[in-house]
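# Here is a sequence together with a model predicted from it:
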Amino acid sequence: MTESGQPSTFRARVVTVSTRTAAGVFDDRSGPILVAGLGELGLLVEGPVVVADGEPVGVALREAIDERIDVVVTTGGTGCTPTDRTPEQTQPLIDRPVPGIAEAIRAFGVAQGVPTAALSRGVAGFAGQTLLINLPGSAGGARDGLNVLCGLLVHALEQNLGSDHRRVNG
């Protein structure tokens, strides 16, 4: 639901980033979690679109931006391995960073007893009218990300359209 109490018309796309999943070696475990969770927030969700690490991420993000998708949530490619390049594909597209989203996601994971959540290099911000958010590739990281996004995502999207501020907690 939106701030006005109306059903959302915000469009979301989930992009799973994994070379091995794109090749059919592994099943996508985090993408379906995000599709379901974003749907529960009232968004119209597409995906998951599965792409390999690296340049295919940038291609998928640019396509979503061109299609004026309201929010793209990626899962995977945010760690410290040499092939984890999702932030490097996302950052150049962002013209209005929203670092607090990625910071909150990392902090939530650490608070849940997952110290390695601090190693996620995910970024978040607006590329034109599209909000891009990088989440870790694990199922737990996807769930943690949803826990954070449930309290702020629709509000951020409404703010992007120019809606007035409302008090979230009281």
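Perfect, thanks for sending it.
# C-alpha from now on. contacts and neighbour counts both.
OK.
# Do a quick rundown of the helices in this structure.
For the chain, the helices defined by DSSP state H cover 19-22, 30-40, 55-66, 86-90, 99-111, 139-149, 153-160.
# wait, which of the ones you listed is closest to Val73?
Closest of the helices of the chain to Val73 is helix 30-40, at 8.0 Å (criterion: Cα to Cα).
# Point out the other helices and strands that that closest one packs with.
The contact analysis (3 or more Cα pairs under 8 Å, 6 or more residues apart in numbering; DSSP states H and E) places helix 30-40 against strand 11-17, strand 44-51, helix 139-149.
# what's the angle from the shortest one to helix 30-40?
Going back to what we said before, that points to strand 11-17. 170 degrees (axes from the mean of the first three to the mean of the last three Cα atoms, to 10 degrees).
# Please compute how far strand 11-17 lies from its chain's middle.
7 Å (Cα atoms, centre = their mean, to the nearest Å).
# what angle separates it from helix 55-66?
Using the same axes, to 10 degrees, strand 11-17 lies at 180 degrees relative to helix 55-66.
# hey, what's the spatially most central residue of the chain bridged with?
With the centre of the chain defined as its mean C-alpha position, the nearest residue by Cα atoms, centre = their mean is Val73, 2.4 Å away. When bridges are called by DSSP bridges, Val73 pairs up with Val14, Ile133.
# So it is in contact with Leu132, correct?
Yes: under the criterion of Cα atoms under 8 Å, Val73 makes contact with Leu132 at 6.1 Å.
# which residues are in contact with both of these two?
With Cα atoms under 8 Å, 6 or more residues apart in numbering applied, the contact sets of Val73 and Leu132 do not overlap.
# shaky segments in this structure?
Low-confidence segments of the chain (pLDDT under 70): 1-8, 165-170.
# what do you get if the cut-off is 90, keeping everything else the same?
Applying pLDDT under 90 to the chain flags the ranges 1-9, 163-170.
# From Thr19, how far off is the spatially closest residue to Gly79 that is not a sequence neighbour?
Closest residue in space to Gly79, ignoring its immediate chain neighbours: Ser120 at 5.1 Å, by Cα to Cα, 6 or more residues apart in numbering. Separation of Ser120 from Thr19 (Cα to Cα, to the nearest Å) stands at 18 Å.
# More neighbours: the two, which one.
Ranked by neighbour count (other Cα atoms under 10 Å), Ser120 and Thr19 place Ser120 first, with 23 against 20.
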